[in-house]
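> Make a model of this:
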Amino acid sequence: MEISGAADAENRDILMSNYNGQRHQQWDLIYAKDWKGEPTKGQWNKEYGMIVDMDFYIISHMGQGRYIDYLSRNLVIKTQNGRTSQKWYFHQPSRTVRSRLPMQRVAECVGANNVTLKKWANGRKAQQWQFDPISKTIRGMYWTSYVFSTEGNNLRCRTMNSRWF
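Okay, here's the model as predicted:
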């Protein structure tokens, strides 16, 4: 079975097809008796590796332990300063990492290169991230081999070569 057109959109048809191993042919089963519903505020989301709607900071493993911060539409690393621009949270309904700044922008990997803050767009996988506790990286859900990476003071999405805690 696969999702028609490999598109994650409401009301897409399910087709029978030869197996190709792609994501649109992969499924999970949850028995009705075991379904506990979506995680709510303060609960752990196992798939994304984050606690729902709880403030956190993203801190580099580089020598100075700088925090991800927002500066002129770009995400950069800066010394901890206690400002809201360095606070983030996991938003369960959209499965995005959002800023605590007033417009609650989300981190998006643009062109498999730059990480910027953008307005949330429903279903845009480039705005979805997963914390990997083993590699201590923040991995993209669209470009799954890409993680947050620092270049100078700028934050990029690159193939895995950075570590966070």
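
> beta partners of the residue nearest the centre of the chain?
Central residue check for the chain by C-alpha atoms, centre = their mean: the C-alpha nearest the mean position is that of Trp129, 1.2 Å away. On the basis of DSSP bridges, Trp129 is bridged to Gly140.

> Just name the shakiest helix or strand of the chain by mean pLDDT.
Taking mean pLDDT, DSSP states H and E as the measure, the helix or strand of the chain with the lowest value is strand 14-15, at a mean of 74.

> Which other helices and strands does that strand contact?
Applying 3 or more C-beta pairs under 8 Å, 6 or more residues apart in numbering; DSSP states H and E, we find strand 14-15 packed against strand 2-3. (Each C-beta comes from the backbone N, C-alpha and C, glycine too.)

> Okay, now the sheet partners of the strand it packs on, with direction.
Paired strands of strand 2-3, with direction, are strand 14-15 (antiparallel) (DSSP bridges).

> who touches the partner strand?
Identification of contacts with strand 14-15 by C-beta atoms under 8 Å, 6 or more residues apart in numbering yields Met1, Glu2, Ile3, Ser4.

> what's the following helix or strand after it?
strand 44-45 (DSSP states H and E).

> what's the model's confidence in that following strand, averaged?
Averaging pLDDT along strand 44-45 gives 88.

> The chain should start at 652 in everything you say after this.
With 652 as the first residue, the last one maps to strand 695-696.

> which element follows that strand toward the C-terminus?
Reading on from strand 695-696 to the C-terminus, the next helix or strand found by DSSP H and E is strand 701-702.

> Give me the contact list for that following strand.
Gly693, Gln694, Trp695, Asn696, Phe707, Phe741, Val748, Phe782.

> List just the nearest of those residues to Gln731.
Phe707 (12.8 Å; C-beta to C-beta).

> tell me, how many neighbours does that closest one end up with?
Phe707: 15 surrounding residues under other C-beta atoms under 10 Å.

> same thing with the one 5 residues further on?
For His712, the neighbour count with other C-beta under 10 Å is 12.

> now it: how far from Glu653?
Per C-beta to C-beta, to the nearest Å, His712 is found 39 Å from Glu653.

> what's the answer for Gly774, then?
Gly774 is 18 Å from Glu653, where distance means C-beta to C-beta.

> more crowded one of the two?
Between Gly774 and Glu653, counted using other C-beta under 10 Å, the more crowded position is Glu653 (20 against 12).

> Run through the residues that contact the nearest residue to that one once chain neighbours are set aside.
Leaving aside its chain neighbours, Glu653 sits nearest to Gln676 (4.4 Å; criterion: C-beta to C-beta, 6 or more residues apart in numbering). Applying C-beta under 8 Å, 6+ apart to Gln676 gives the contacts Met652, Glu653, Ile654, Ser668, Tyr670.
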